[in-house]
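[1] Build me a model from this:
(2 chains)
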Amino acid sequence: MTDKEFAAEKTTYETFTQEEYMVMKRDLLQPIQHIGTWGKVWIGFLITVCLAGVYAYYIQETKSKYVTVSLRDYTMWGVYISNFVFFVALSLIGVLMSAVLKLTNFEWYRPLARIAEVIAVAAIMLAGVSIVAAMGRPDRLHYLVMYGRIQSPIVWDIIVILTYVTTSLVLLFIPMIPSMSTCKNHLTNKPKWQMKMYDLLSFGWEGTPAQWKSLKKNVKILTIMVIPLGVSIHTVTAWLFATTLRAEWDSTNFGAYFVSGAFLLGVAGMVVAIFTIRKSYNLEKYLTEMHFDKLGQALVLMSFIYIYFNINEYLVPAYKMSGLHANHLLSLFVGEDALMYWSVVLFGMLIPAILPLFKGMRKPLPLTLIAVGVVIAAWFKRYLIVIPGLAHPYLPIQDVPVSWTHYSPSLVEMTIVAATFAAMLLIVTLFSRFFPIISVWEVAEGKLEGKDEIINYK
Amino acid sequence: MKSIKYIIILLVTGFFNLSAFAQEKEANMSISFVKEEGKNICKVLVTSEDKPVAEIAVKLSVKRLFGQLPIGGDVSTDETGVASFEFPDNLPLNPEGKLEVTAAVEDDENYGSFDVTTETQIGTKVDLSNLEKRERSLSGGRDRAPIYFIIASVVIISGIWGTLIYVVLQVFKLKKLKTT
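    Below is the predicted model:
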């Protein structure tokens, strides 16, 4: 390298290190440094909804479930289970938006990774809560361990959820260790316990080459491991249905169908999340229009894949229209669930597949509106997968009570579902108020060409 | 005054007891099995005060796991007080090799409800040795999981959790990698 070249490169680094890096730190630590009035109101609102959910659960468990929930012999899985499937699907956001992009060297993943991982952790936790809410006898939860069969998909669901929660938590935490050091060194006017927490969680981080090497190796191991785990968790969830004797779930397509739906939801969820975060915390410099453009393209791809699996899932049985399939399919296509079904097809598949093909629709606001539609449609899609088919059992009973043949969730059920959403948002919100929601070092590393230079910046 | 009250209560309850006794006469039943023309016939004899009771509807049932399995419909007793049921010989016997057979009369206007239970060995013995020989399968019980499935599960679970534990231990070692 000539002296001239060396000087030019040195200047680039110095300019970056001295000013830009400090600005970056300040920007990305700002949501922790200061919580405004609206921020507090938002947290208060979420806590109130969560408490309402806790009270509704108390009512559900202390009064007769026949009165408090609408579940009956036919529709024995209601909104709790569809909500569980939704949250499991959402939890795959971490796999797609962090792990897959990281391993395939898509550099624009950097500011998105931690947002995706914290949503994944929150979603999978709330999936577990939804299952417990659905249990007739939650006091017998431990029976699954005591008497469960290793061959049962339900036991595997428990195993894979616990493993995925743990892996996601560790994968969220390890890249945060340098950020803990950043918080410890740069945050001011924070309570003593909070600073102590950063000190403890930084595990003596100094940014030595050996520490960076160890950290990056461990992150890579987890990143590779979380992909098959994430795919497994949602495939096992699909098998819970596919291995149950119900006409509408009798499909070999179910695992792939669920995973593709989860990836579509993941992209849409990410769009909504980054739009909200960049607006709330003024992070337009880091969550740029380029990210919306890329996510818009991903949304199109995922929509087409999901449409393909939907065609497989519905067209073949619809062509045959045999017995019980006909009952279920006709209620979706032209019957009592038709409005919900076609709305889901429109907002959850067709619009996100077509509109973002146009560049103007990949701008933050229009893309976010499309993504909000996808997220809402995704929840109703899980409702349509779980509930309507249950009304047509293999062995229909004569003269069944009307309440068995029609299901509409009770107030208690909807309050608990609303509380799970509030709890998920609360976890993400509180996380962003205590830890950098965008990883300072990962963004800085992406900006620097030579990756080793970041070592000395704490 | 109090004693008069007790006398009235005694008289009223006594009257009702007497009237109930007057309405429902006591009857007895006995069950026997005979073989007629190669068929097993269950005969239920209903008597009252040592005389046969005719034209009374009898139900016959066998105890199963979750309740009583009816054997045919209601059969009325003939003039000899006997109700005859054709009794199948293919009902699975309980682990003791017996069947619990119950004959019952329900809500008869003269005799009310009463029943009698007996045991018989007519039926099919269940070969329980099959239970012991059951093969391991995916649909088997907790203790009958296929060996390959158990091995694969243990390898996968320990592989993933082992890696997780290794990674977490590396985090605790970060302090040792400091410069000072």
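[2] Checking residue B:59 next. Helix, strand or coil?
    Here residue B:59 is recorded as strand under DSSP: H, G, I helix; E, B strand; the rest coil.
[3] Walk me through the domains of the chain.
    In the absence of a named chain, this looks at chain A. Following the assignment in automatic domain parsing, chain A carries domains at A:36-245+A:408-458, A:259-393.
[4] that's the wrong chain, I wanted chain B
    What the record gives for chain B is the domain set B:26-120, B:134-174, from automatic domain parsing.
[5] so for stretch A:89-106, what's the average pLDDT?
    Per-residue pLDDT over stretch A:89-106 has a mean of 87.
[6] And that stretch, what's buried?
    Neighbour-count burial for stretch A:89-106 flags A:89-102 (criterion: 16 or more other Cβ atoms under 10 Å in any protein chain shown). In short, each C-beta sits where N, CA and C put it, glycine included.
[7] cool, stretch A:291-298 as well?
    For stretch A:291-298, the neighbour count (16+ other Cβ under 10 Å) marks A:291-296, A:298 as buried.
[8] go on, stretch A:161-170?
    Buried positions in stretch A:161-170, judged by neighbour count with 16+ other Cβ under 10 Å: A:161, A:163-170.
[9] need these in CSV with pLDDT and distance to chain B, can you?
    CSV is the format used below for these (pLDDT from 0 to 100; distance: Cβ to the nearest Cβ, whole Å):
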residue, pLDDT, distance to chain B
A:161, 89, 13
A:163, 93, 6
A:164, 92, 10
A:165, 92, 11
A:166, 94, 6
A:167, 93, 6
A:168, 92, 11
A:169, 94, 10
A:170, 94, 6
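[10] and which of those is nearest to residue B:62?
    Here the nearest of the buried residues of stretch A:161-170 to residue B:62, counting by Cβ to Cβ, is residue A:161; it sits at 45.9 Å.
[11] out of the domains of chain A, nearest to residue A:27?
    Across the domains of chain A, closest to residue A:27 is domain A:259-393 (Cβ to Cβ), at 6.6 Å.
[12] For that closest one, what is the spacing between the initial and final residues?
    Terminal residues of domain A:259-393 are spaced 26 Å apart (Cα to Cα, to the nearest Å).
[13] now it: how far from the chain's centre is it?
    Centre-to-centre, domain A:259-393 and its host chain are 14 Å apart (Cα atoms, centre = their mean, to the nearest Å).
[14] now stretch A:124-131
    The gap between where stretch A:124-131 is centred and where its chain is centred comes out at 12 Å by Cα atoms, centre = their mean.
[15] And chain B, is that stretch touching that?
    No. On the criterion Cβ under 8 Å from any Cβ of the partner chain, stretch A:124-131 is out of touch with chain B, staying 15.0 Å away.
[16] pLDDT at residue A:420, what is it?
    Model confidence at residue A:420, given as pLDDT, is 97.
[17] Quick check: what element follows the host helix or strand of it along the chain?
    In this structure, residue A:420 sits in helix A:411-434 according to DSSP states H and E. Remark: after helix A:411-434, the chain's next helix or strand is helix A:440-447, criterion DSSP H and E.
[18] which of the residues in that next one are buried?
    Residues of helix A:440-447 classed as buried under the neighbour-count rule (16+ other Cβ under 10 Å) are A:440-446.
[19] okay, that helix in CSV with CA atoms only?
    Extracted C-alpha coordinates of helix A:440-447, given in CSV (Å, rounded to 0.1, in the frame of the first residue of the first chain):
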residue,chain,number,x,y,z
VAL,A,440,-24.8,-0.5,17.6
TRP,A,441,-21.8,-2.7,16.9
GLU,A,442,-23.5,-4.7,14.2
VAL,A,443,-24.6,-1.6,12.3
ALA,A,444,-21.1,0.0,12.8
GLU,A,445,-19.5,-3.2,11.6
GLY,A,446,-21.6,-3.1,8.5
LYS,A,447,-20.5,0.4,7.8
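[20] re earlier: which one of the buried residues of stretch A:161-170 is nearest to residue A:110?
    residue A:168 (18.4 Å).
[21] who's in contact with that closest one?
    Residues counted as contacts of residue A:168 (Cβ atoms under 8 Å, 6 or more residues apart in numbering or on different chains) are A:91, A:94, A:117, A:120-121, A:124, A:226.
[22] go with 10 Å
    With contact set as Cβ atoms under 10 Å, 6 or more residues apart in numbering or on different chains, residue A:168 has these partners: A:91, A:94-95, A:98, A:116-125, A:222, A:226, A:229-230, A:233.
[23] show me the contacts for residue A:264.
    Residue A:264 neighbours (Cβ under 10 Å, 6+ apart): A:89, A:92, A:96, A:298-299, A:301-307, A:309, A:348-349, A:352-353, A:374-375, A:377-378, A:381.
[24] Got a PyMOL select line for the buried ones in those residues?
    Only the buried entries of those go into this PyMOL selection, using 16+ other Cβ under 10 Å:
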select buried, chain A and resi 89+92+96+298+299+302+303+305+306+307+309+348+349+352+353+374+375+377+378+381
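[25] Just the contacts of residue A:264: which are in helices?
    A:89, A:298-299, A:301-307, A:309, A:352-353, A:374-375, A:377-378, A:381 (DSSP state H).
[26] residues of stretch A:415-434 that come out buried?
    A:415-429, A:431-433.
[27] same question, stretch A:30-40
    Buried, per 16+ other Cβ under 10 Å, within stretch A:30-40: A:31-32, A:39.
[28] With stretch A:336-344 instead?
    In terms of neighbour count (16+ other Cβ under 10 Å), stretch A:336-344 has its buried residues at A:337, A:340-341, A:343-344.
[29] Flag the shaky bits of chain A, pLDDT-wise.
    Applying pLDDT under 70 to chain A flags residues A:1-20, A:446-458.
[30] Quickly note the distance from residue A:80 to residue B:95.
    Distance of residue A:80 to residue B:95, computed by Cβ to Cβ, to the nearest Å: 41 Å.
[31] Of these two, which one has the most company?
    Counted by other Cβ atoms under 10 Å in any protein chain shown, residue A:80 and residue B:95 do not tie: residue A:80 has more neighbours, with 22 against 8.
[32] tell me the contacts of that one?
    By Cβ under 10 Å, 6+ apart, the residues touching residue A:80 are A:69, A:71, A:129-135, A:386, A:409, A:413, A:416-417, A:420.
[33] residues contacting the residue nearest to residue A:242 when sequence neighbours are not counted?
    Leaving aside its sequence neighbours, residue A:242 sits nearest to residue A:254 (Cβ to Cβ, 6 or more residues apart in numbering or on different chains; 4.1 Å). If a contact means Cβ under 10 Å, 6+ apart, then residue A:254 has A:235, A:237-243, A:309, A:313, A:385 as its contacts.
[34] now residue A:286
    By Cβ under 10 Å, 6+ apart, residue A:286 lies in contact with A:24, A:27-28, A:110-112, A:274, A:277-278, A:437-438, A:440, A:443.
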